[in-house]
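Q: Just a sequence and a predicted model for now, questions to come.
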Amino acid sequence: MSITVKALQKTGPDQPFKVANIERRDPRADDVVIDIKAAGICHSDIHTIRNEWGEASFPLTVGHEIAGVVEAVGENVTDWKVGDRVGVGCMVDSCGECEECRAGQEQNCLNGSVGTYNSTDVDGTVTQGGYAEKVVVNERFVCRIPDALDFDVAAPLLCAGITTYAPLNRWGAGEAKNGAPKKVAVLGLGGLGHMGVQIAVAMGADVTVLSRSMKKEQEALELGAQRMLATSDEDFFSDHKGEFDLILNTISADIPVDRYLRLLKARGVMAVVGLPPEKQDLSFGSVIGGAKVLAGSNIGGIPETQEMLDFCAEHGIAAKIETVGIGEVDVAYDRVVSGDVHFRAVIDTASFADAEVA
Ligand code: NAP
Ligand code: ZN
């Protein structure tokens, strides 16, 4: 037995999205069934379904920024009840027993965490993501959405929020240095970047947005950034050498990494979250000089995701979104890639109700 739900599905990287019926497992004793109200479009969905990160498993439904309401719970579930406002991010299972899982770092599970889509589940099936009416998830991978946050502006927090919060937190964006706020640069003002700006500002950092042009300057300032700089300016790299304590790199495409590392102060940190499809060029000299740190960061664990949701509610932070219907997702993808979305496209799943299965 399983639950049949409507979902947006692609049968290949170049095929359009179509509404299809997909099967969700019948809830196990420790599962939660969620009626999805909103699903964010992350650039990772695009990299995955366009085979930019390797061959995906088709037919596939993506989406790992999920917000909705608990519709049913398995018999052993005690933390969640019908009607709860909840979210699901990039993971839906992990072993729960290894050192990393026990430390609340399920994304680093030593036995491999199960991704929300395009991942092999414990029962051997390929997981299907959140561009759908409902999802069935192990209760440990569910977070509570504070009442202060509407579903559509909360959904992007489940990936873009935690992916920026975790490295900003880990590298002390909010800690003062020599009595002054740290100078944090957010590189790329897209879905992740616009969350990173708001979170770093709320942590108390002095935030500069580094964007290709000054087109989004007004919005960057409205998000709380102190300033914006255009990386395309002729003298940009020489004028801002050695300026930042921390750079949060959210860029989805190839960049001259060495040049950006020179923007750091001695012992400064570049935390990389953007994952372009191609390998990037790096000279070790760029981190050896000035004893700089080049660090990666992959989403965040479930306890920290809950902490981030509560932090956002407390500080009045939410995603700035454009709502798209289920028929507009292919167009939205092209707009994301061209940097045209301000700043996250979110699918209104209510439109599944009247949609015909193709
Ligand atoms: P997005 O909304 O498309 O934002 C990416 C930003 O990168 C754009 O807004 C743009 O900023 C900049 N950019 C794009 N193309 C560029 C180019 N050719 N040269 C220079 N800058 C360029 O994407 P997103 O959803 O925020 O995701 C960003 C990246 O993070 C993706 O690679 C995604 O897969 C990855 N990601 C990683 C994790 C993780 O756990 N590490 C989690 C989620 C996503 P400007 O327009 O301001 O220049
Ligand atoms: Zn994502």
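A: That came through, no problem. These numbers come from a predicted model, not from an experiment. Ligands and ions are numbered 1, 2, ... in the order given.
Q: CA only for contacts and neighbour counts going forward, please
A: Fine.
Q: Please verify my assumption that G40 contacts F343.
A: No - at 10.7 Å, G40 does not count as touching F343 under the criterion of C-alpha atoms under 8 Å.
Q: quick one, which of the two is more surrounded?
A: Between G40 and F343, counted using other C-alpha atoms under 10 Å, G40 has the larger neighbour count: 33 against 20.
Q: ok, what's across the strand from the more buried one?
A: Assessed by DSSP bridges, G40 has beta-bridge partners V346.
Q: which residues does the closest residue to ligand 2 within the stretch 1-150 of the chain contact?
A: Residue of the stretch 1-150 of the chain nearest ligand 2, by C-alpha to the ion: C42 (4.5 Å). C42 makes contact with 63-65, 156, 159-160, 191, 344, according to C-alpha atoms under 8 Å, 6 or more residues apart in numbering.
Q: among those, who's most crowded?
A: Neighbour-wise, those (other C-alpha under 10 Å) top out at P156, 32 neighbours.
Q: and it, how far is that from C42?
A: Distance, P156 to C42, by C-alpha to C-alpha, to the nearest Å: 8 Å.
Q: anything in contact with each of those two?
A: Both P156 and C42 are contacted by 65, 191, 344, under the criterion C-alpha under 8 Å, 6+ apart.
Q: Dump the residues you listed into a markdown table; add distance to ligand 2 and pLDDT as well.
A: Listed next are the shared contacts of P156 and C42 as a markdown table, based on distance: C-alpha to the ion, whole Å; pLDDT from 0 to 100:
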| residue | distance to ligand 2 | pLDDT |
| --- | --- | --- |
| E65 | 7 | 99 |
| G191 | 9 | 98 |
| R344 | 11 | 98 |
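Q: Run through these and flag the ones next to ligand 1.
A: Applying C-alpha under 6 Å from any ligand atom to the shared contacts of P156 and C42, one finds that G191 fall near ligand 1.
Q: Let me have the shared contacts of P156 and C42 in a markdown table, adding secondary structure as columns.
A: Shown next, in a markdown table, are these (DSSP: H, G, I helix; E, B strand; the rest coil):
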| residue | secondary structure |
| --- | --- |
| E65 | coil |
| G191 | helix |
| R344 | strand |
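Q: which among the shared contacts of P156 and C42 gets closest to L246?
A: G191 (19.1 Å; C-alpha to C-alpha).
Q: For the closest one, which residues are in contact?
A: G191 sits next to 42, 156, 160, 342-344 when contact means C-alpha under 8 Å, 6+ apart.
Q: and if you look at G285?
A: Neighbours of G285 in contact, by C-alpha under 8 Å, 6+ apart: none.
Q: Make residue 1 into 354 and carry on from there
A: All set: I'll call the first residue 354, so the last point we hit is now G638.
Q: Helix, strand or coil: sort out V537 for me.
A: strand.
Q: doesn't G595 make contact with it?
A: No - the pair V537 / G595 is not scored as a contact, 12.0 Å apart, by C-alpha under 8 Å.
Q: Please report phi then psi for D388.
A: phi -90, psi 110 (degrees, to the nearest 10).
Q: D634: how many residues sit nearby?
A: 11.
Q: Hmm, I typed the wrong one, I wanted H593.
A: Neighbour tally, H593, other C-alpha under 10 Å: 14.
Q: what's the spacing between the residue nearest to it when sequence neighbours are not counted and L601?
A: Excluding the flanking residues, the one nearest H593 by C-alpha to C-alpha, 6 or more residues apart in numbering is L616, at 5.9 Å. Here L616 is placed at a distance of 12 Å from L601 (C-alpha to C-alpha).
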